[in-house]
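Trainee: for reference, the sequence and a predicted model appear below.
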Amino acid sequence: MESPRSILRLKGGGAAATASPSTAEDILAAANDAAKSTAEVAPRVPKELAPPKMMPWYQQPDDDWEKKDGCEVVRWDSSLEGFKGALQHRYGRYKTLKRSIINAEGSLENFARGYTKFGVRRSTDPKKPGIIASEWAPNAKWMALFGDFNNWNRGQYPYTRDEYGTWR
């Protein structure tokens with residue numbers, strides 16, 4: 001009887017038959033042997049990739065955003081000198097809006113994950129089981145949940161609006 005190594009031979013990472021094996025056990029043993037030998041040579045891929053060492057400028061955290069006045073760009077482009085007032089006004093509005101988002105949501109990242117909390121979905125809170133429905137519609141005057149499940153009764157499940165335009 002031939003050994004499994006003589007039955008199967010590796011060619012370019014795959015196994016090719018070089019002789020006809022006499023039993024199914026010989027084939028299985030040879031395949032297992034071939035798989036072990038290719039696994040030893042295969043490169044190890046880390047389960048979790050390390051974060052990049054250098055992030056693009058627009059992804060770098062800016063801890064000093066509240067101290068800035070929005071006129072840093074004038075250092076790079078002197079033709080904007082006459083627009084300092086407008087830049088300061090716009091940056092001031094940006095800071096006010098960013099501050100209100102952080103106060104309401106905890107961070108810009110939480111705010112950007114709105115897709116996880118809007119729409120109709122199951123509750124993940126064991127203290128409040130059931131279905132949750134919420135939408136962000138800041139210009140809506142009134143909103144309700146209705147459909148086949150309640151015979152299209154528009155008044156049965158009205159939403160209430162918070163100060164940021166979120167309806168629950």
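Mentor: Structure received.
Trainee: and the contacts of the strand ranked longest in the chain?
Mentor: Taking DSSP state E as the criterion, the chain has its longest strand at strand 131-136. When contacts are defined by Cβ atoms under 8 Å, 6 or more residues apart in numbering, strand 131-136 is touched by residues 114, 117-123, 143, 145, 157, 159, 164-168. C-beta coordinates here come from the backbone N, C-alpha and C atoms, glycine included.
Trainee: can you tell me how far the residue nearest the centre of the chain is from Pro138?
Mentor: Closest residue to the average C-alpha location of the chain: Arg113 at 8.2 Å, with Cα atoms, centre = their mean. Distance of Arg113 to Pro138, computed by Cβ to Cβ, to the nearest Å: 18 Å.
Trainee: out of the contacts of strand 131-136, which are buried?
Mentor: Among those, those classed as buried by 16 or more other Cβ atoms under 10 Å are Phe118, Met143, Leu145, Tyr159, Thr166, Trp167.
Trainee: skipping adjacent residues, who's closest to the second one in space?
Mentor: If the residues on either side of it in the chain are set aside, Met143 comes closest to Tyr159, at 4.2 Å by Cβ to Cβ, 6 or more residues apart in numbering.
Trainee: phi and psi next, for the one you found.
Mentor: Taking degrees, to the nearest 10, you get phi -90, psi 160 for the backbone angles of Tyr159.
Trainee: pretty sure it contacts Ala144?
Mentor: Yes - using Cβ atoms under 8 Å, Tyr159 is in contact with Ala144, at 6.2 Å.
Trainee: quick one, strands of this structure?
Mentor: When assigned using DSSP E, the strands of the chain occupy the ranges 8-11, 14-17, 119-122, 131-136, 166-167.
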